[in-house]
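Colleague: Model the following, please.
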Amino acid sequence: MSGHSKFANIKHKKERNDAAKGKIFTVIGREIAVAVKEGGADPANNSKLRDVIAKAKANNMPNDTIDRGIKKAAGDANSVNYEVLTYEGYGPSGVAIIVDTLTDNKNRTAANVRSAFTKGSGNVGTPGSVSYMFDKKGQIIIDKEECEMDADDLMMLALDAGAEDFSEEEDSYEVYTDPDSFSKVREALEKENIPMLEAGVTMIPQTWVELSSEEDIKKLNRILDLLDGDDDVQAVYHNWDE
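Modeller: Here you go, the predicted structure:
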C-alpha cells in the first residue's frame, strides 16, 4: 500500500485548526476533563484518557500540564459539565462542514457556530445533513524525518496491529483505522517508539469540493477562522480541496 494517497490532504485540516497552540491546549484540557470523568484518572484503565494523553504529547503539551489537568479533573469531577455537541452545515458552493464542540453552555455555542456560518454566507443544517459525506476513521500521521523504521516494516507493524490503510506521502506516513481499532494501533506504534505528529479519530471526506471563486474562498476562510477562534470548538472538518 506504500504510495497509496487516498487521504493525502486530510492533514491540512488539522494544520489550520491547530495553528494556535494556546487553543489546542484548551481543547485537549477539556478532553482530559471529560475522559477522566467518564473513565477515571488512571490511564492504564482508561483507553480514552490514554488516547487524549497521546494527542497532548503529539501537540507538545508539557507532561506537568497533562498531569495537572488529570489531577484537577479527578479532584473536581462533579464540576465537569461539558457536553459534546456536533453541528453540520454548508459553506459557499456547497462545501460540507462538520463542527465538533465541547461546551458548558450550549446556547452560547449554538449562537457562536450559527454566527460563524452566517458571516461566511453559509448555513447550519440539520443533524445528518452532511455527515453522510464523511467516513469516521482513526488517523495517525508519522513524521518521516523522525521515524527510523523502514516504510515497509512500519506498514506491516500498523497492518498487523489492525490498521485498514497505510500511505506514504512526501514528508509523512499516514495510518488509517476503523474507530474501534484506533487505540490498539496507536498503542502498538507507541510501544515501538514511533514518533507521531498526530493521532486521533477524524472525519475523512468521501469527495472534495474545489473553489474557483476568490469571493467563495474568502467567505469559507471567514467561517473557518471564526470557528477556529472559538474555545468551545474542538475540531472542524470540511471537504474543501485546498
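Colleague: any idea which helix or strand carries the residue nearest the centre of the chain?
Modeller: Central residue check for the chain by CA atoms, centre = their mean: the C-alpha nearest the mean position is that of residue 202, 5.0 Å away. Taking DSSP states H and E as the criterion, residue 202 maps to strand 196-205.
Colleague: next one: residue 193
Modeller: Following DSSP H and E, one finds residue 193 outside all helices and strands.
Colleague: Now do the same contact list for it.
Modeller: Applying CB atoms under 8 Å, 6 or more residues apart in numbering to residue 193 gives no contacts. Any C-beta I mention is one placed from the backbone N, CA and C, and that applies to glycine too.
Colleague: Over to it: give its phi and psi.
Modeller: Torsion angles at residue 193 (phi, psi; degrees, to the nearest 10) stand at phi 60, psi 40.
Colleague: For it, give its distance to residue 146.
Modeller: Remark: distance between residue 193 and residue 146 (CB to CB, to the nearest Å) = 10 Å.
Colleague: before we move on, what about residue 200?
Modeller: 18 Å.
Colleague: In terms of neighbours, single out the busier of those two.
Modeller: Counted by other CB atoms under 10 Å, residue 200 and residue 146 do not tie: residue 200 has more neighbours, with 20 against 11.
Colleague: okay but that one is in contact with residue 53, surely?
Modeller: No. Taking contacts as CB atoms under 8 Å, residue 200 lies outside contact range of residue 53: 11.9 Å.
Colleague: low-scoring pLDDT stretches of this structure, where are they?
Modeller: Scanning the chain for pLDDT under 70 picks out 1-21, 77-80.
Colleague: out of all of them, which helix in it is the longest?
Modeller: In the chain, assigned by DSSP state H, the helix with the most residues is helix 21-39.
Colleague: tell me which strands and helices that one is in contact with?
Modeller: Other elements packing on helix 21-39 under the criterion 3 or more CB pairs under 8 Å, 6 or more residues apart in numbering; DSSP states H and E are helix 47-58, helix 63-75, strand 96-103, strand 233-238.
Colleague: again, 7 Å this time
Modeller: With contacts defined as 3 or more CB pairs under 7 Å, 6 or more residues apart in numbering; DSSP states H and E, helix 21-39 has these neighbours: helix 47-58, helix 63-75.
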